[in-house]
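Peer 1: here is the input, now give the coordinates:
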Amino acid sequence: MSLKAQLEELNAKRDGFLDEAKALIETGQEKPETLTEEVNAKIDELTASAKEADEELTAMVKTQADNAVRLQAVQDLATDRSGDIASGSGVHLSATPEGEPSASTKIPARVLRHGKLTNFTDTVDGVTAQERAYRFGQYCMAKLSADMPGKFQFNHALAFSRDQFGFNPMMVHGEGGSDTTGSHVFVPDEFGTDLIKLRELYGVARRVFRMRTMSSDTRTDPRRTGGLTSYFVGENAAGTESDAAYDQVSLTAKKLMAITRLSAELNEDSVIDFGNELAGEISYAFSNKEDSVAFGGTGISTDGGISGIRTQLDTLTAGTAPGLILGAGNAYSELTLANFESVVGALPQYADVPGQVSWICHKKFYHTVMQSLMNAASGNTSAVLAAAGIREFLGYPVVISQVFPSTEANDQIPVVFGNYAQGASFGDRRMESISFSDSASVGGQSMWERDQIGVKGTQRFDINVHDFGTDTTAGPICGLQMAGS
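Peer 2: Prediction:
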């Protein structure tokens, strides 16, 4: 029998063991009562047989003296279960070039998933949500092993990350700027789409502001502040020159840090759940802070020096500034439909671009104020009142942000309206870095004492709200302010 035939026969035998074991496990996930002691013993037996066949296959390949024959043998098996081979013996027959996601990542049969994936969805570039969660979990477990080698040593995750991402646990580099530790390793670029999508899902600012990619710590863009002027001229008369006016919008990246904690009860079989949970925790923490400073940042150091939309509008004189309408009272119940109509009327025509304009407010404010005004208006039917999930007011969509106020107060700006992409820029410097520790204290509590893992994520960004009008001219972002008393 030829070498190729022997390898194919051995490979088929190994695949048969793996497929049978996987089928038993999947049945057990759907019907836990089927996972009896006998079935579990059978799974262990099949796994051991698959590992034995895999080791024999690997030995046959390694002992061939003819490199051409060995290469052909490996190529013949290139589409086989390389992930399963790796999990059984630690041997990796092929590697994906650094920075390129695998078109298809084989998830070992022993890896389990509990519940529905919530933070990885859809298929991206041919890679399923489960495969992406698995790959992200493998990277994070490798980073966990590098950060805490005395407690965790996920060998398969380390090998997988070296092969797939070119990740070296000893590789470190700094972020620049205020970073002095030089200890950060950035999350691989392939996860950027998922993590940004999560931040857009959890937050609002990234969805409605103008996104600017920052290739360095600072970025400056020109902003047109005035246009040319045309003049009537008589016959044979000289024209009058005019100039367009410009200034600059500057962004300077600030470091944002999020810290959370996870249970230390981890194993490589839970890699999918680990990746899914961690992606959600970090992304939610980042997006919540982004929204907090984007809409309510006061310009002080704890807000990254960022002045948000509501803070900038508050520098105007309500009732005098055409873009900041003064409400009919200091209680939500005193606001009138005419107040909101005045806000819509204040938005300049150049900013009223279909699909780009919306209201932003707290969910409670929408339902108790805006929806109440709609319900009180004439012409409503039971079908209209029963409709759910469509948030609109005066013909424009309503976006909910829970960082807006939900309780009335004097001089408060509880709702804004406008084309935010024209009036605010969001500078994104880079992807996140993630690091782990069991000796740090989070919220005054020791991770070591509680057998927990502290997770620290960092990112760098900046926000500049640059066009919100003046006391004489409305800008692309307008607002409604409560009365002072």
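
Peer 1: every contact and neighbour count from this point should use C-alpha atoms.
Peer 2: Fine.

Peer 1: residue ranges for the helices of the stretch 351-485 of the chain, please.
Peer 2: Along the stretch 351-485 of the chain, the stretches classed as helices by DSSP state H, counting those that start in this stretch are 363-365, 371-376, 382-386, 420-423.

Peer 1: reformat those helices as TSV; add mean pLDDT.
Peer 2: Below are these laid out as TSV (pLDDT from 0 to 100):
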stretch	mean pLDDT
helix 363-365	96
helix 371-376	88
helix 382-386	55
helix 420-423	94
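
Peer 1: right, so the ones you listed: which one is the most enclosed?
Peer 2: Comparing the helices of the stretch 351-485 of the chain by mean neighbour count (mean count of other Cα atoms under 10 Å), helix 420-423 ranks first with a mean of 22.

Peer 1: helices or strands up against that helix?
Peer 2: Contact partners of helix 420-423 among helices and strands, from 3 or more Cα pairs under 8 Å, 6 or more residues apart in numbering; DSSP states H and E: strand 210-213.

Peer 1: buried set for the strand it packs on?
Peer 2: Arg210, Met211, Arg212 (16 or more other Cα atoms under 10 Å).

Peer 1: so what are the sheet partners of it and their directions?
Peer 2: With DSSP bridges as the test, strand 210-213 is paired with strand 424-428 (parallel).

Peer 1: for the chain, longest strand please?
Peer 2: Using DSSP state E to define each element, the chain has its longest strand at strand 452-465.

Peer 1: now it, how far from the centre of its chain.
Peer 2: 11 Å (Cα atoms, centre = their mean, to the nearest Å).

Peer 1: quick check: buried residues in stretch 139-154?
Peer 2: Those would be 139-148, 152-154, for stretch 139-154 by 16+ other Cα under 10 Å.

Peer 1: if we only consider those residues, which is nearest to Val399?
Peer 2: Minimum distance to Val399 across the buried residues of stretch 139-154 is 33.4 Å, recorded for Cys140 (Cα to Cα).

Peer 1: the closest one - nearest residue in space that isn't next to it in sequence?
Peer 2: Gly275 (7.1 Å; Cα to Cα, 6 or more residues apart in numbering).

Peer 1: list the residues that contact the one you found.
Peer 2: Residues in contact with Gly275 (Cα atoms under 8 Å, 6 or more residues apart in numbering) are Ala133, Tyr134, Arg135, Phe136, Gly137, Gln138, Cys140.

Peer 1: helix or strand for Ser250, which one?
Peer 2: Ser250 belongs to strand 245-252 when assigned by DSSP states H and E.

Peer 1: how about that strand, which residues are buried there?
Peer 2: Val249, Ser250, Leu251, Thr252.

Peer 1: other SSEs contacting that strand?
Peer 2: Strand 245-252 packs on strand 218-226, strand 452-465, going by 3+ Cα pairs under 8 Å, 6+ apart.

Peer 1: quick one, that strand and strand 424-428 angle?
Peer 2: 40 degrees (axes from the mean of the first three to the mean of the last three Cα atoms, to 10 degrees).

Peer 1: please save the CA atoms from strand 245-252 in PDB.
Peer 2: Taking C-alpha atoms only, strand 245-252 is exported to PDB below (Å, rounded to 0.1, in the frame of the first residue of the first chain):
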ATOM      1  CA  ALA A 245     -13.000  80.900   5.400                       C
ATOM      2  CA  TYR A 246     -11.600  77.800   7.200                       C
ATOM      3  CA  ASP A 247     -10.400  76.900  10.600                       C
ATOM      4  CA  GLN A 248      -9.300  73.500  12.100                       C
ATOM      5  CA  VAL A 249     -10.900  70.700  14.000                       C
ATOM      6  CA  SER A 250      -8.300  68.900  16.200                       C
ATOM      7  CA  LEU A 251      -8.400  65.500  17.800                       C
ATOM      8  CA  THR A 252      -5.900  64.300  20.400                       C
END
